[in-house]
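[1] prediction below, plus the sequence it came from.
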Amino acid sequence: MDAHQDIIRVVKIDPVRIDAPVPVDMVRKFKLQDKARVRFKDGAEVVGEIGFIGAVADPASHTLTVRVEAPNSAGRPAGERVTVHFSVPDTGESPMSTQTQGGR
């Protein structure tokens, strides 16, 4: 074992943090604390809010990372694949969804 090697990793899963890649054009319409609906593979849903919007786009996908923080009282494991539905308030545009693997 290396003296600088991690021997334990502590993960907080409530609230769960979901990092979603979102097209740059769509992200411009978001602001911190906007609501987002998180849907799990079994159909369960929770409502979270945007807690972080990335400042550097991925040049290959033209996306920014948007972090949603959502309650996780069910204790779902980190890393579960989810779909995040973002509503664009006051624009009349339809909601946007993205699939991602969540949990930190």
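    On my side now, so go ahead. Keep in mind that this is a model prediction, so the values were computed, not measured.
[2] nearest the geometric middle of this structure, what residue?
    residue 18 (2.8 Å; CA atoms, centre = their mean).
[3] isn't that one up against residue 83?
    No: applying CB atoms under 8 Å as the test, residue 18 and residue 83 come out as separate, 9.9 Å apart. Backbone N, C-alpha and C define where each C-beta goes, glycine included.
[4] still on that earlier bit, which pLDDT value goes with the residue nearest to the centre of the chain?
    Looking at residue 18, its pLDDT stands at 94.
[5] so is it in a helix, a strand, or just coil?
    Secondary structure, DSSP: H, G, I helix; E, B strand; the rest coil: residue 18 is strand.
[6] in this protein, what residue spans correspond to strands?
    Along the chain, counting by DSSP state E, strands occupy 16-23, 35-40, 45-53, 63-70, 81-86, 96-101.
[7] give me the number of neighbouring residues for residue 22.
    Here the number of neighbours of residue 22 (other CB atoms under 10 Å) works out to 25.
[8] bridging residues for the closest residue to residue 37 other than its chain neighbours?
    Counting by CB to CB, 6 or more residues apart in numbering, the nearest residue to residue 37 once its immediate chain neighbours are dropped is residue 85, at 4.3 Å. In this entry, residue 85 is beta-bridged to residue 37, residue 97, by DSSP bridges.
[9] thought residue 85 was touching residue 39?
    Yes: contact criterion CB under 8 Å: residue 85 and residue 39 qualify, at 6.8 Å.
[10] need the pLDDT of the nearest residue to residue 52 once chain neighbours are set aside.
    Ranked by CB to CB, 6+ apart and with sequence neighbours excluded, the top spatial neighbour of residue 52 is residue 67, at 3.8 Å. We have a pLDDT of 97 for residue 67.
[11] one more: residue 45?
    Note on residue 45: pLDDT of 95.
[12] just to revisit the earlier point, burial of the residue nearest to residue 52, as a residue count?
    Based on other CB under 10 Å, the number of other residues close to residue 67 is 19.
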